[in-house]
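**Q** Next comes the sequence, and after it the predicted model I'd like to discuss.
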Amino acid sequence: MLGAVTTIDLERFRAKARQFLREHEDDPAIHKLRFNEPLGADDVEALEQMLLKAGTPAEIEEAKAMSDGLGLFIRSLVGLEPRGGEAGLRGLPEQQDSGREPD
């Protein structure tokens, strides 16, 4: 039964965090997440501080654990812009098909 309470609290936290983040979507750290740009330590700290306004440290830790990190949790709430995925690929070298099997 205790697990059900945690799930309900996490869902409530997700809803509160989603609303709060939407109200602050112009924040530089949120912008970086939405457009698949790298986050610095200051960005992560800013995101954690934002989430503290929507929930408790325990809720944030639970969300991070269930989402494989803070950035992925927040991205699941704010989304990824379609051109954001393209930005992440720009630094990769283009691979040409030589027509032969790799060694």
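**A** Perfect, thanks for sending it.
**Q** Rounded mean pLDDT for stretch 83-100, please.
**A** Averaging pLDDT along stretch 83-100 gives 49.
**Q** Quick check: the gap between Glu59 and Gly69.
**A** Going from Glu59 to Gly69 by CB to CB, to the nearest Å gives 15 Å. Bear in mind the C-beta positions are built from the backbone N, C-alpha and C, glycine included.
**Q** number of nearby residues for the residue lying closest to Leu47 once chain neighbours are set aside?
**A** Excluding the flanking residues, the one nearest Leu47 by CB to CB, 6 or more residues apart in numbering is Ala29, at 5.1 Å. If you count neighbours by other CB atoms under 10 Å, Ala29 ends up with 22.
**Q** I'd say Ala29 and Glu48 touch.
**A** No. Counting by CB atoms under 8 Å, Ala29 does not reach Glu48; the two are 9.8 Å apart.
**Q** where does the chain dip in pLDDT?
**A** Along the chain, segments meeting pLDDT under 70 span 1-8, 84-103.
**Q** which residues in it form strands?
**A** Assigned by DSSP state E, the strands in the chain number zero.
**Q** That one: helices as residue ranges?
**A** 2-23, 28-34, 41-52, 57-67, 70-78, 82-89 (DSSP state H).
**Q** My read is that Ala63 contacts Glu11, right?
**A** No. Contact criterion CB under 8 Å: Ala63 and Glu11 do not qualify, at 10.5 Å.
**Q** what about those two, which has more around it?
**A** Ala63 (22 against 10).
**Q** Skip the chain neighbours and tell me the closest residue to that one.
**A** Once flanking residues are discounted, Ala63 sits nearest to Phe73: 4.7 Å by CB to CB, 6+ apart.
**Q** Then Asp9?
**A** Glu59 (6.4 Å).
**Q** Tell me how many other residues crowd the one you found.
**A** Neighbours around Glu59, by other CB under 10 Å: 20.
**Q** And for Pro28?
**A** Pro28 has 11 nearby residues by other CB under 10 Å.
**Q** From Asp68, how far out is it?
**A** Distance from Pro28 to Asp68, by CB to CB: 23 Å.
**Q** Kindly report the same for Asp9.
**A** 20 Å.
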